[in-house]
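Novice: Here is a sequence with its predicted model. Questions after.
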Amino acid sequence: MKNRAVWMFYPMLPVLIGFYIPIILVAIEDGFFSSGPETSFVAIADLLLVLSTIRMVAVAALLATLVGLVDAVLMAGTRGPLRGLILILLLASFLIPPAALASAFQACIGASTLRATVRDEIGAILMLALRWAPVAAAILLAAASMWPLAQERALRSLPPGVALVTRLRGLRPSLLRCVGLLLLLMLPAAELPSYAGVETVSQRILARLTVGDAAEGWRLAMLMVTLVVPALYLLSSSSNDPERATRRHPVDGLPALRWANGFLWLRVLPAAALLLVLLYTAWPQASEIAIAGEELIDAVASIGLELPRALIASTLAILCGWRLADGGHRIGLLLLCLPTMLPGSLGAIAVARIYRPILPLWLDDLPFLLTVTQMCKLGALAAACGFVATCVLPASERVAAQLLPPTRARWRIRLPRALPVLIPAVGIGVALVLGEVEATLLLAPPGHPSTSLELHQMMHFRNDEQAARLALVLAILGATMAGLVGRYWKRGD
Amino acid sequence: MKQRELALDLGQLVVTRGIAVIGPVTLQLAVGEQLALTGPNGAGKSSLLLAIAGLLPIQSGTLSIAGQPITRGPAAPESWQRGLGWMGQERGLWPHLSIEAQCRLAAAKDRASRQRIGAIAEQLAISDRITRFPAQLSGGEAQRAELLRAVITPGRLLLLDEPFSAQNQEGRQRMETLLDQLCSEGRAVLMASHEVSQNRASCSIGSP
Amino acid sequence: MDMKRRWLWGSALLVWFLIWLNSQFPSDSRSVTIYCSHDRSHSQRILDRFEQETGIVVDAVFDTEATKTVGLTERIRSEQVRPRCDVHWSNEPLRAVLLAQDGHYEILPEGVGPGIDSRWRDEAGRWCGFAARARVVAIHPESLSSSEIPRSVEALADPKLLGKVVMADPRFGTTGSHLAILRTTLGPQRFRELLQGWKANRMQIVSSNSSSRDRVLSGEAWVGLTDTDDVEVVRRRGASIGEGFLPEDGVILLPNVVAVVKGCPHPEEAVQLVRWLLREEVEEWLASSSSRQIPLRNEVPVDASGLSLSQFEPLEIDWSAAADQLDDAVREAERILLNP
């Protein structure tokens, strides 16, 4: 037991150091535990906001899952080289920062058509759902890949329509889990709802911090965590299903659906249109070509310099998630997920306040704290992909590996077998780290290049063309990541 | 009279798998012996092997491997600590490693293993296949390769679940010859099988 | 992959890694770090000129107004024990005043910012203002004639404008400062009545001042509370948009503010940069840029399209009192305008 606790401890180190220890210390320092007479009143008033945020996000998660379900099923019925392109376009709406798209739209159409058409809560729900639908599709594709090979092959012998319905029904048990996971990932969303003028609990927490009322910000954060933790715990149950797949299989088990390609092209049309808008906005006029070229080179260089750090942060975070899932540490996975639920600024402020005074000067000049904080923000992704990676290992291989000493089985068998899931997850993690703003603004050492911050500043000051160029570079990077996803998925099969 | 050295000793062992209860089973297997568990589908042959390997919980009864009693609960030794060679009913070869690499992993620190792998592979007629990956083998070859990986482990007790299911007559004969040889070298074999060759010990499990 | 190709890839990755590692360490040259919330495209040029003139390398961290994050003010707070920032250039005064009250700023040396009136400075000399923006209403010209332009914030509650007035999230940026100033001048009771009037008139709330302006541009709103620079940016791109200065309230001017952070790592360079930023030329550059700042010295020349101090009757603001009202103003706005 003691040994097990120790093994659980070391993948938890980043999240303990980068989140829990500073958060607890700062919350105490800010007077979180010294409640005044108006505390309970404030908590009740804010509870309504928390509930309305949860309601909005829950509907968005449900909608995203339904769209993702259609995407995932139809992807299984497509064939040919264009499948990769469809996948990239599907993922594009998630990987391009929403600020960049909004900026490009404004520059291209003049006034904000986007904002005029999507408004208030329905608008926020639609934007959140469309942005997260590709993630739902990815989760459901991963769930489908756990079906036994024989069952998948049997699907191919059915008429396409029947096969499609069978696959849909087969995915039904995964739907609720997918909705739950998306709900948790979307909860801290503030940016997209703010475009639609919708107040969320994250915005409220940040507002508290900006007027110097940190204690109330902490109380709100605590309220949200208290509501979310039971759901999270339930979600992480059934991580060890003994009846799971006996053999992994390609996720394209459906017979080729003739109309699937056409439908998916329609589905990715908005994403393709967004990319075209971005390209149109980014395209320099004749007089701007030299400047645009310089900007492009600068953008590529700054992303190039940020990439290794993003890669390190993402890889370590994903490995921690996998290690906890592999060891079956449910509490550890839960603790890993929580930082994702809260606005990144909370953790970043706590880290800066607690560690910077004691950090050696030479280390302070490096983006060390930034990296640790960003790793913590990837917690839910790491936990989810760790969970999937352990589930897709066929039972027969897992049993055979149990006859080897644990360390050898872990690093020589289970880790390499998990790579087809972990490598794409690292790619998504890199994209998320590169697009991260909150911790970057608070923790990046002066002079540190940051694509995401630059993008937001350009947006804010209406430098739409520059923003579009930068976003386009990010989109190309995202496409490369998506390409890797496709490639490793195939290789894993 | 020399006392029998027991490789496996089951006393009134009861195993549960979902709602099914298997046993009580009492069985002794000495070093140098082979025993085939027979019985109808769903009788619990595979479950019993899984329980001995520590992959299914034991409800009651006693279990000793190589004279060492296996306790129940969290203090029970892990599968890899029980000194076993394992071959499951489903193909459990790891697709990212060559057969030779898998065997070397299973053989632990045995320096003589390279020659030994070669020799046993020769006996199983897969010596030209051991540098290949599982996906490059036929069904029968993959099954023999998995037996190779199971027998190369240092464990003295071999647990084999339907080891001949994908074999033709020649393949089966080669495997049986190898198992006979291993038993004469001090190993013991417990296997689950639908049919048993003549002159081989067997016991039936479950309702007839 | 053959051996040669593997070596090639390996070497390329190693070189990339070394370049990255090298980029992570600061250079040894003389430097100063500035946290700047002014428009990057203008401030970067000004800082580049400082770098060229003095040879001091400027490491700038620019702010973003994205509502998903807190800004550089919080960064300065969180770095209190070991500051990284030397100079804070804030584009609005109230949050800087709060930082000064909490002891985050050094007292500036005598004689910085010659010619800038004392009403734009901290009484204790911890910060100094320069180049201001004015709070204005952006007007959709096809919907409102010049005689219908609201002349006070109370006019925004006029039922004729039902659902046609827009404002940025009142808790962030200059909108928050605007409300705090209104609470100071109107008093708490009238301030709450004002908010309730806005609420009853279905005022739209958007994420930022630029979004507020954009809703006016698209015609969804006829009147949008925003800043002069937000209006000017789109005007220079040819957009048709009007503006009004709410003269009955007294024009609210929000100056940029510079201060030296207490315990900063490069105090000498910091003072040098502050002196440099408070020169007349800097105000002149900012006045002629698309951010159309208003110089706080009457002697600074302004283009015909620009704005000068003599054009307005600015509201007299007690900055400390207004900063003290910020928390309450934000809370009340949140309770009345934003709660679901």
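Specialist: Thanks, I have it.
Novice: Figure out how far stretch A:361-378 is from the centre of its chain.
Specialist: Distance of stretch A:361-378 from its chain centroid, counting by Cα atoms, centre = their mean, to the nearest Å, is 19 Å.
Novice: And that stretch, end to end?
Specialist: The separation between the terminal residues of stretch A:361-378, taken as Cα to Cα, to the nearest Å, is 27 Å.
Novice: what's the answer for stretch B:183-193, then?
Specialist: Termini of stretch B:183-193 sit 18 Å apart (Cα to Cα).
Novice: for residue A:284, what are its contacts?
Specialist: The contact partners of residue A:284, taken as Cβ atoms under 8 Å, 6 or more residues apart in numbering or on different chains, are A:291-293, A:465. Just so you know, the C-beta spots here come from the backbone N, C-alpha and C atoms, and that holds for glycine as well.
Novice: If we use 10 Å, what do you get?
Specialist: Residues near residue A:284 by Cβ atoms under 10 Å, 6 or more residues apart in numbering or on different chains: A:290-293, A:295-296, A:465-466, A:469.
Novice: ok, so of the residues you listed, who is nearest chain B?
Specialist: The nearest member of the contacts of residue A:284 to chain B, counting by Cβ to the nearest Cβ, is residue A:296 at 39.6 Å.
Novice: what about that closest one, which helix or strand?
Specialist: Assessed by DSSP states H and E, residue A:296 sits inside helix A:289-326.
Novice: Which strands or helices does the helix or strand following that helix pack on?
Specialist: Using DSSP H and E, the helix or strand that follows helix A:289-326 towards the C-terminus is helix A:330-341. For helix A:330-341, the packing partners by 3 or more Cβ pairs under 10 Å, 6 or more residues apart in numbering or on different chains; DSSP states H and E come out as helix A:2-15, helix A:172-186, helix A:214-235, helix A:289-326, helix A:368-377, helix A:379-391.
Novice: okay, those in TSV with mean pLDDT next?
Specialist: Formatted as TSV, these follow (pLDDT from 0 to 100):
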stretch	mean pLDDT
helix A:2-15	69
helix A:172-186	80
helix A:214-235	74
helix A:289-326	84
helix A:368-377	90
helix A:379-391	83
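Novice: Looking at these, spot the one closest to residue C:41.
Specialist: Of all those, helix A:289-326 sits nearest to residue C:41, with 11.9 Å by Cβ to Cβ.
Novice: any idea where the strands of chain B begin and end?
Specialist: Ranges of strands within chain B are B:6-17, B:20-30, B:34-38, B:58-65, B:68-69, B:84-87, B:157-161, B:188-192, B:202-204, based on DSSP state E.
Novice: now for these, which one comes closest to residue C:196?
Specialist: The nearest among those, by Cβ to Cβ, is strand B:6-17 at 68.2 Å.
Novice: Provide the strand pairings for the closest one, with the direction of each partner.
Specialist: Strand B:6-17 sits in its sheet next to strand B:20-30 (antiparallel), strand B:58-65 (antiparallel), going by DSSP bridges.
Novice: What angle do strand B:157-161 and that strand make with each other?
Specialist: For strand B:6-17 against strand B:157-161, the angle between stretch directions is 40 degrees (axes from the mean of the first three to the mean of the last three Cα atoms, to 10 degrees).
Novice: can you redo the strands paired with strand B:6-17 as a markdown table with mean neighbour count, mean pLDDT and distance to residue A:358?
Specialist: As requested, those are arranged in a markdown table below (neighbours: other Cβ atoms under 10 Å in any protein chain shown; pLDDT from 0 to 100; distance: least, Cβ to Cβ, whole Å):
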| stretch | mean neighbour count | mean pLDDT | distance to residue A:358 |
| --- | --- | --- | --- |
| strand B:20-30 | 16 | 85 | 59 |
| strand B:58-65 | 18 | 87 | 52 |
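Novice: Including distance to residue A:374, could those go into TSV?
Specialist: Shown next, in TSV, are the strands paired with strand B:6-17 (distance: least, Cβ to Cβ, whole Å):
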stretch	distance to residue A:374
strand B:20-30	49
strand B:58-65	46
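Novice: if we can go back for a sec, including distance to residue A:395, could the contacts of residue A:284 go into TSV?
Specialist: Formatted as TSV, these follow (distance: Cβ to Cβ, whole Å):
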residue	distance to residue A:395
A:290	61
A:291	59
A:292	55
A:293	55
A:295	53
A:296	50
A:465	55
A:466	53
A:469	50
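Novice: Among those residues, which one has the most neighbours?
Specialist: Using other Cβ atoms under 10 Å in any protein chain shown as the neighbour criterion, residue A:466 leads these with 27 neighbours.
Novice: Span of stretch C:217-230 from start to end?
Specialist: Taking Cα to Cα as the measure, stretch C:217-230 stretches 12 Å from start to finish.
Novice: Report whether that stretch contacts chain A.
Specialist: Yes - Stretch C:217-230 reaches chain A (Cβ under 10 Å from any Cβ of the partner chain) through C:217-220, C:229-230.
Novice: Buried subset of those residues as a PyMOL selection?
Specialist: With 16 or more other Cβ atoms under 10 Å in any protein chain shown as the criterion, this PyMOL line picks the buried residues out of the residues of stretch C:217-230 next to chain A:
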select buried, chain C and resi 217+218+220+229+230
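Novice: what's the closest of the residues of stretch C:217-230 next to chain A to chain A?
Specialist: Nearest to chain A among the residues of stretch C:217-230 next to chain A, with distances taken as Cβ to the nearest Cβ, is residue C:218, at 3.5 Å.
Novice: Phi first, then psi, for the closest one.
Specialist: Torsion angles at residue C:218 (phi, psi; degrees, to the nearest 10) stand at phi -80, psi -10.
Novice: any idea how far it is from residue C:202?
Specialist: To residue C:202, residue C:218 is 17 Å away according to Cβ to Cβ, to the nearest Å.
Novice: Likewise for residue C:283?
Specialist: Distance, residue C:283 to residue C:202, using Cβ to Cβ: 40 Å.
Novice: quick one, which of these two is more surrounded?
Specialist: Comparing residue C:283 with residue C:202 by neighbour count (other Cβ under 10 Å), the higher total belongs to residue C:283, at 27 against 11.
Novice: Find the residue at the geometric middle of chain A.
Specialist: Nearest to the geometric centre of chain A sits residue A:381, at 5.6 Å (Cα atoms, centre = their mean).
Novice: separation between that one and residue A:425?
Specialist: 6 Å.
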